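> Fold the stuff below for me.
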Amino acid sequence: MKAIITDLDRTLLHTDKTVSEYTYAVLKKCHDRGIVVMAATARPERAVLSYHNHIGFDAITTLNGARIILPHRIIENGIRPSDAESILKKVMMIPDSVLSMETGEGIFSNVPIPEWNATVFSGFPALPTESIIYKILLSCEKNNVQREVEKALTPDTYMTVAEGKLIQIMSTAATKWNGIRMMLEAVGIRQSEAVYFGDDNDDIESIKYCGVGIAVSNAVDAVLDVADFVTESNDMDGVAQYIEKYVL
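Residues are numbered from 1 along each chain as shown. So this is what the prediction gives:
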């Protein structure tokens, strides 16, 4: 295998969002042996930098593929403003929903979200910025709102559900798998030469189509079902354990 590609939350990262010294050391060994190390995450770039500074990812797919950071260029796959306004008008009708929008100028939300450092914006469905719109996020105490959100989508957008509760709406061009294909092409590595690690629904394509697809043991059932192998959980450094045993 010539490339290691990993999701971050609930996969490479411990539940408390830390990375162990053991994992850092294993990934350094990958670099030392000429193995490319890349990340594919739902996080925005600003929330990846602290890990990137320690690991030195060769490329990063952020925001589920809405922003792909390659060695010599950046590719952006945003939601059209007209689509974003149309979707917002409909999902705002869902009672008690928390709405956020990830943009090129940061994240805006209809309520304070301190852990995201979100800017409160009370003007939805109007757009808070003329900058690129990467993602619309929605969470709600009400159960079974996914069907309502699906009805609000446009032909050029789709949705995923993270950790069973956070609905993410993106351009159909913005998928982790599209980002991974572009990252591999940029470094001249075939899909069959890559190992992918993941845990959630948006990792399924990548686990299926990379040379080897690995699920951490804490992954959702749909990921466990399609993985080639299952490694230890994120809190047990399952990614690093697999790499050390089978790749290095």
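> mind listing the strands for the chain?
Counting by DSSP state E, the chain has strands at residues 3-6, 36-40, 59-62, 67-69, 74-76, 97-103, 106-109, 119-120, 133-140, 157-162, 166-171, 194-198, 212-216, 229-231.
> What count of nearby residues applies to Glu150?
Residues within reach of Glu150, counting by other Cβ atoms under 10 Å, total 12. Bear in mind the C-beta positions are built from the backbone N, C-alpha and C, glycine included.
> Thought Arg73 was touching Met183, still the case?
No: with contacts defined as Cβ atoms under 8 Å, Met183 does not count as touching Arg73, sitting 11.5 Å away.
> higher neighbour count, these two?
A direct count of neighbours by other Cβ under 10 Å for Met183 and Arg73 places Met183 higher, at 27 against 9.
> Can you give me every residue that contacts the more buried one?
Met183 makes contact with Ile5, Met38, Ala40, Asp58, Ala59, Ile60, Thr61, Ile68, Leu70 under the criterion Cβ atoms under 8 Å, 6 or more residues apart in numbering.
> Lowest average pLDDT across the strands of the chain?
Mean pLDDT across these is lowest at strand 157-162; the value there is a mean of 90.
> hang on, the earlier thing: just give me the closest of the contacts of Met183 to Val247.
For Val247, the closest of the contacts of Met183 turns out to be Ile5, at 11.9 Å, with distances computed as Cβ to Cβ.
> quick one: contacts for that closest one?
Residues touching Ile5, when contacts are defined by Cβ under 8 Å, 6+ apart, comprise Met38, Ala39, Ala40, Ile180, Met183, Ala194, Val195, Tyr196, Phe197, Ser206, Cys210.
> run the last query once more with 10 Å
With contacts taken as Cβ atoms under 10 Å, 6 or more residues apart in numbering, Ile5 has the following neighbours: 36-40, 57-61, 176, 179-180, 183-184, 189, 194-198, 206, 210.
> How about it: which residues does it bridge to?
Met38, Tyr196 (DSSP bridges).
> ok, now how distant is it from Val36?
Look at Ile5 and Val36: by Cβ to Cβ, to the nearest Å, they are 8 Å apart.
> Now the common contact residues for those two.
With Cβ under 10 Å, 6+ apart applied, the overlap between the contact sets of Ile5 and Val36 consists of Phe57, Asp58, Ala59, Met183, Leu184, Ile189, Ala194.
> who wins for most neighbours among the residues you listed?
Ranked by the number of neighbours (other Cβ under 10 Å), the shared contacts of Ile5 and Val36 place Met183 first, at 27 neighbours.
> wait, doesn't Leu138 sit right on Ser100?
Yes: the pair Leu138 and Ser100 qualifies as a contact (Cβ atoms under 10 Å) at a distance of 7.6 Å.
> shared neighbours, these two?
Leu166, Gln168.
> For the chain, just list every one of the helices.
If DSSP state H is used as the criterion, the helices of the chain fall at 21-32, 49-55, 81-91, 146-152, 176-187, 204-209, 221-226, 238-242.
> mind giving me TSV with those and columns for mean pLDDT and distance to Leu12?
As requested, the helices of the chain are exported to TSV (pLDDT from 0 to 100; distance: least, Cβ to Cβ, whole Å):
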stretch	mean pLDDT	distance to Leu12
helix 21-32	98	7
helix 49-55	96	8
helix 81-91	96	31
helix 146-152	91	27
helix 176-187	97	14
helix 204-209	97	14
helix 221-226	97	15
helix 238-242	98	5
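> For Pro128, which of the ones you listed is the nearest?
Set against Pro128 and scored by Cβ to Cβ, those come closest in helix 81-91, at 10.2 Å.
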